[in-house]
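Chemist: Predicted coordinates and the sequence they were generated for:
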Amino acid sequence: MHWADAFVKDLADRQTVSTGISPSGHIHVGNMREILTGYFLHRALSDKGTESRFIYLCDDIDPLRKVYPFLKKEEYEQHVGKPLSAIPAPEGDEKYSEYFLQPFLETLETIDVKVEVLRSTNLYREGVFAKATDMVMQNVPRIREILETVSGRKLEANWAPYNPLCSSCGRITQASVTGYSYPYIEFTCKCGHSGKSDIRKDEGKLPWRIEWPAKWYALGVTIEPFGKDHGAAGGSYDTGKAIAEEVFGIEAPKPLTYEHIFLKGKGAMHSSTGNVIPASEIVKSAPPEILRFLIARSQPSRHIEFDPGLGLLNLVDEYEKYRNVFYGLEEATDEDDARTYELSRVREEKPDTFVSFRHLITLVQIYPTEDQLLNALRRTGYGESKLSSYLRNQVEVANAWLDKYAPDQVKFKLLPENSPIELNTQEMNLSKAFLRAMGEMEWTPEGIHNSVHEMIKNEGLEPKAGFSTFYRILIGKERGPRLGYFLSNLDKGALEKRFKFVVKE
């Protein structure tokens, strides 16, 4: 049973699955584990007939905590401590939070993930957290005791479970609470201003460890996935669970902790360090299913290493195997293969429209026009009279991946017919043998590979050196795409002309 189905199999009542992120920077591939883990749980509930609400909370009232590496210090130093929803974006007229949120929402649309998006600024402004905030302010001693006992850290003497927004300096991080009488919290700010915050409005916020259980209470959250750091002993889930039960009188949501996604060779992704690949960028350089597949195929307890180069190409190959299992074209290696594909795909597919992404990576480097590409695809079984909109997008994605992430070993350019090349005697004899055999050779990837392999053997060449001869003749490199597959996709007449030029040179 797939991990998402196993997690929800005993849940019968209506569920609310919640996820969330603070849009402090680019919402990256690592962040996608949060939203997609929640999505798969929501989907698993829906698929078994259990009513489910799926929400994404954008924590846009959170403060800018520091000037991150991708920001200009001279522009953002003055905004540290202010809500993300209240400061200007790095570019354009939007607010900071929306600048980073919108590309993420567009990414969700691209990968067909539907979620109810809530902004924390609006929730405070609309009074959604007002009752929870009042309950918190009525239970300050108990909440202090919970935080100190469960987390093991001592709070400051003047600590209060509310961060007022100073109406003078605009910061939400430096005011001290001096009194409370519903609905107003009195404060004094380090900037010298004193005032009141109305808890029914967006004039302040609860600290994270208290806001989290307040969200569970206010929104009726029953399931929440989160990173393993929050699930550590004494972490924010443990304190949230105690506050939920002892202050709000509710059960804490059923938790699902997940591991981080690492960028190959660079460690865990973090917006604050700049070690990220934005999710909005990946969907322009990989098939839309791949972000979903990346998460669906892995147990949440296992960390994921993401490689946007050759690793991504291998990941797409794996996705396509799962697809073939689903459509009965290959045998499953695991009982969850078909379900993993079902959760990963973004559209229904027909077997006669399948085009391997690796195949497309090769073809777009050989055939620059749509007509040429379509003719080549038809030769390999593509059953449509024109390129579908989906396939056109795949072509754009393939070209983008080649431009941005493809390793040199995958990229190539066909040499002109009359491009000079130096060959030794064995290599020249191999070229002549290939030219003589072209007319009788079985012109399929396997047939070409077997014939060329036999020719290389007959000339006394090592396989690596023999195959290298073909790549040097055709693309001027020592290595290239799988040879039989590569040659079968070339125009046979043009290929014959190239080899005739080589052997007569």
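Modeler: Received, thanks. Numbering: from 1, shown residues only.

Chemist: Residue ranges in the stretch 201-350 of the chain under the pLDDT threshold?
Modeler: Of all residues in the stretch 201-350 of the chain, none has pLDDT under 70.

Chemist: for residue 256, helix, strand, or coil?
Modeler: strand (DSSP: H, G, I helix; E, B strand; the rest coil).

Chemist: residues contacting it?
Modeler: With contacts defined as Cβ atoms under 8 Å, 6 or more residues apart in numbering, residue 256 is in contact with 7, 37, 41, 223, 224, 225, 226, 300. Heads up, the C-betas are built off the backbone N, CA and C, glycines and all.

Chemist: if you set the cut-off to 7 Å instead, what comes out?
Modeler: Contact analysis of residue 256 by Cβ atoms under 7 Å, 6 or more residues apart in numbering lists 7, 37, 41, 225, 300.

Chemist: Let me know the closest of these to residue 123.
Modeler: residue 225 (20.2 Å; Cβ to Cβ).

Chemist: Low-confidence regions, the protein specifically.
Modeler: 505.

Chemist: can you pull out the strands in it?
Modeler: 15-21, 52-58, 116-119, 163-164, 175-181, 184-189, 194-198, 204-205, 223-227, 254-258, 261-263, 267-268, 304-306 (DSSP state E).

Chemist: next one: the fifth one to chain centre, how far?
Modeler: Computed by Cα atoms, centre = their mean, to the nearest Å, the chain-centroid distance of strand 175-181 equals 42 Å.

Chemist: for stretch 357-377, same thing?
Modeler: Per Cα atoms, centre = their mean, the centroid offset for stretch 357-377 relative to its chain is 27 Å.

Chemist: ditto for stretch 127-141
Modeler: That offset, for stretch 127-141, works out to 36 Å (Cα atoms, centre = their mean).

Chemist: picking up where we left off before, if you compare the strands of the chain, which one is most tucked away?
Modeler: Comparing those by mean neighbour count (mean count of other Cβ atoms under 10 Å), strand 163-164 ranks first with a mean of 26.

Chemist: Do a quick rundown of the helices in the stretch 101-250 of the chain.
Modeler: Under the criterion DSSP state H, counting those that start in this stretch, the stretch 101-250 of the chain contains helices at 120-125, 130-137, 140-151, 208-219, 236-246.

Chemist: Let me have those helices in TSV, adding mean neighbour count and distance to residue 81 as columns.
Modeler: Below are the helices of the stretch 101-250 of the chain laid out as TSV (neighbours: other Cβ atoms under 10 Å; distance: least, Cβ to Cβ, whole Å):
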stretch	mean neighbour count	distance to residue 81
helix 120-125	21	16
helix 130-137	20	20
helix 140-151	16	22
helix 208-219	23	15
helix 236-246	21	21
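
Chemist: out of those helices, nearest to residue 198?
Modeler: Among the helices of the stretch 101-250 of the chain, helix 130-137 comes nearest to residue 198, with 8.8 Å by Cβ to Cβ.

Chemist: between that closest one and strand 175-181, how many degrees?
Modeler: 100 degrees (axes from the mean of the first three to the mean of the last three Cα atoms, to 10 degrees).

Chemist: what does helix 130-137 contact?
Modeler: 143, 161-162, 180, 182-183, 199-200, 206, 210, 214, 217-218, 247-248.

Chemist: could you check the angle helix 140-151 makes with it?
Modeler: With the same axes, to 10 degrees defining the directions, helix 130-137 sits at 80 degrees from helix 140-151.

Chemist: hey, C-alpha coordinates of stretch 135-144 in PDB?
Modeler: What follows is stretch 135-144, C-alpha atoms only, in PDB (Å, rounded to 0.1, in the frame of the first residue of the first chain):
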ATOM      1  CA  MET A 135      -7.600  32.200  25.100                       C
ATOM      2  CA  VAL A 136      -3.800  32.400  24.900                       C
ATOM      3  CA  MET A 137      -3.700  35.800  26.700                       C
ATOM      4  CA  GLN A 138      -6.000  34.300  29.400                       C
ATOM      5  CA  ASN A 139      -3.500  31.400  29.900                       C
ATOM      6  CA  VAL A 140      -0.100  33.100  29.900                       C
ATOM      7  CA  PRO A 141       1.300  31.300  33.000                       C
ATOM      8  CA  ARG A 142       0.300  27.800  31.700                       C
ATOM      9  CA  ILE A 143       1.700  28.400  28.300                       C
ATOM     10  CA  ARG A 144       5.000  29.700  29.700                       C
END
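
Chemist: Would you list the phi and psi of residue 61?
Modeler: phi -90, psi -10 (degrees, to the nearest 10).

Chemist: what's the neighbour count on it?
Modeler: 27 (other Cβ atoms under 10 Å).

Chemist: That one contacts residue 125, doesn't it?
Modeler: No. Assessed by Cβ atoms under 7 Å, residue 61 is found out of contact with residue 125, at 9.0 Å.

Chemist: what's the overlap in contacts for these two?
Modeler: Common neighbours of residue 61 and residue 125 (Cβ under 7 Å, 6+ apart) are residue 202.

Chemist: on that earlier part again, pick out the most distant pair among the contacts of helix 130-137.
Modeler: 143 and 200 (20.1 Å).

Chemist: Now do the contacts for the closest residue to residue 377 other than its chain neighbours.
Modeler: Excluding its sequence neighbours, the residue lying closest to residue 377 (Cβ to Cβ, 6 or more residues apart in numbering) is residue 355, at 6.3 Å. Applying Cβ under 7 Å, 6+ apart, we find residue 355 in contact with 377, 382, 391, 394.

Chemist: what does residue 471 give?
Modeler: Counting by Cβ under 7 Å, 6+ apart, residue 471 has contacts 477, 478, 479, 480.

Chemist: Show the buried residues in those residues.
Modeler: Listed as buried from those are residue 480; burial here means 16 or more other Cβ atoms under 10 Å.

Chemist: I'd like the contacts of residue 471 written out as a markdown table, with distance to residue 46 added.
Modeler: Compiled in a markdown table, the contacts of residue 471 are given as follows (distance: Cβ to Cβ, whole Å):
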| residue | distance to residue 46 |
| --- | --- |
| 477 | 49 |
| 478 | 52 |
| 479 | 47 |
| 480 | 46 |
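
Chemist: Check the gap between the spatially closest residue to residue 190 that is not a sequence neighbour and residue 187 for me.
Modeler: Excluding the flanking residues, the one nearest residue 190 by Cβ to Cβ, 6+ apart is residue 174, at 4.2 Å. Distance of residue 174 to residue 187, computed by Cβ to Cβ, to the nearest Å: 10 Å.

Chemist: what touches both of the two?
Modeler: By Cβ under 7 Å, 6+ apart, no residue touches both residue 174 and residue 187.

Chemist: Give me the contacts around stretch 385-397.
Modeler: Applying Cβ under 7 Å, 6+ apart, the contact partners of stretch 385-397 are 284, 285, 286, 287, 347, 353, 355, 357, 360, 364, 370, 374.

Chemist: Pull the number of nearby residues for the third one.
Modeler: The one in question is residue 286. Residue 286: 24 neighbours (other Cβ under 10 Å).

Chemist: wait, doesn't it sit right on residue 398?
Modeler: No. The criterion here is Cβ under 7 Å, and residue 286 misses it with residue 398 at 9.4 Å.
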